[in-house]
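Undergrad: structural data only, the sequence is not supplied:
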């Protein structure tokens, strides 16, 4: 299966919600203090690898927290998204690299990096690929910041009788192959943490939940979940379309919490 592709419009729609969720997780992770402790020696710029970077939202959020000079390697399989990455602020340089992360993950310059980061990636990948990532990072003893992995929670207010069924079908659809083997979906973080610890990392995690109360993103999520449910269970079309219609009719009165988790990991120095 080909690697899943996301539109620039979808990435732009979710970016402010990603940023707000990550701000809360950063406080719980004590991220600023942790990054200060991981900072490279004075006079050396941060060298960061950003996996599946899309249009660069992860870099835009994280660069101000790293502070000082930075060199980012922005990696994605979609050249159109790479071209949408804006030029960075002074003191930050970017190299855009088109790369198939399934075929060529190990080819990246792991030993040159001070930090490896990704956002909204891990739930798309399979167990074997996740272990390849941990192995590559552990061989270079490089820290990781992996953000916004879904954990399966969708909490709707007000509730609807179809929430549980559509949510279960959506979760099953998330586990389909997205180009990295059968996807881990909501089990991504639970799979990642023991692998990191076994590889000699200390790990912190924090919730980074979306709090969604705007019609545009809610409608996109409702439609996306309904379409996924229909693909997963075509015989349940009436139930899925009914849920979609009811949810859309209440969109201006709806709030949704979407569960995510952020993980920060750094190697134990021996």
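TA: Received the coordinates, thanks. Everything quoted here is computed from the prediction, not taken from an experiment. Numbering: from 1, shown residues only.
Undergrad: secondary structure class for the residue of the chain most remote from its centre?
TA: Most distant residue from the mean C-alpha position of the chain: residue 238, 31.9 Å away (C-alpha atoms, centre = their mean). State at residue 238, reduced to three classes by DSSP: H, G, I helix; E, B strand; the rest coil: helix.
Undergrad: now the longest helix belonging to the chain: average pLDDT?
TA: If you go by DSSP state H, the chain has its longest helix at helix 8-29. Averaged across helix 8-29, the pLDDT comes to 94.
Undergrad: just give me how far it sits from the chain centre.
TA: 10 Å (C-alpha atoms, centre = their mean, to the nearest Å).
Undergrad: okay, buried residues for whichever helix or strand comes after it please.
TA: Using DSSP states H and E, the next helix or strand after helix 8-29 towards the C-terminus is helix 31-38. Using 16 or more other C-beta atoms under 10 Å as the test for burial, helix 31-38 gives 31, 34-35, 38. Placement of C-beta: from N, CA and C, glycine included.
Undergrad: same deal with stretch 137-154?
TA: In stretch 137-154, counting by 16+ other C-beta under 10 Å, buried: 137-138, 140-151, 154.
Undergrad: now, which of the residues you listed sits nearest residue 60?
TA: Ranked by distance to residue 60 (C-beta to C-beta), those are led by residue 147 at 12.8 Å.
Undergrad: tell me what that closest one is bridged to.
TA: With DSSP bridges as the criterion, residue 147 is bridged to residue 119.
Undergrad: for residue 82, see how far away it is.
TA: 20 Å (C-beta to C-beta, to the nearest Å).
Undergrad: can you map out the helices along the stretch 51-200 of the chain?
TA: Along the stretch 51-200 of the chain, counting by DSSP state H, counting those that start in this stretch, helices occupy 57-66, 79-83, 101-104, 127-140, 163-174, 188-198.
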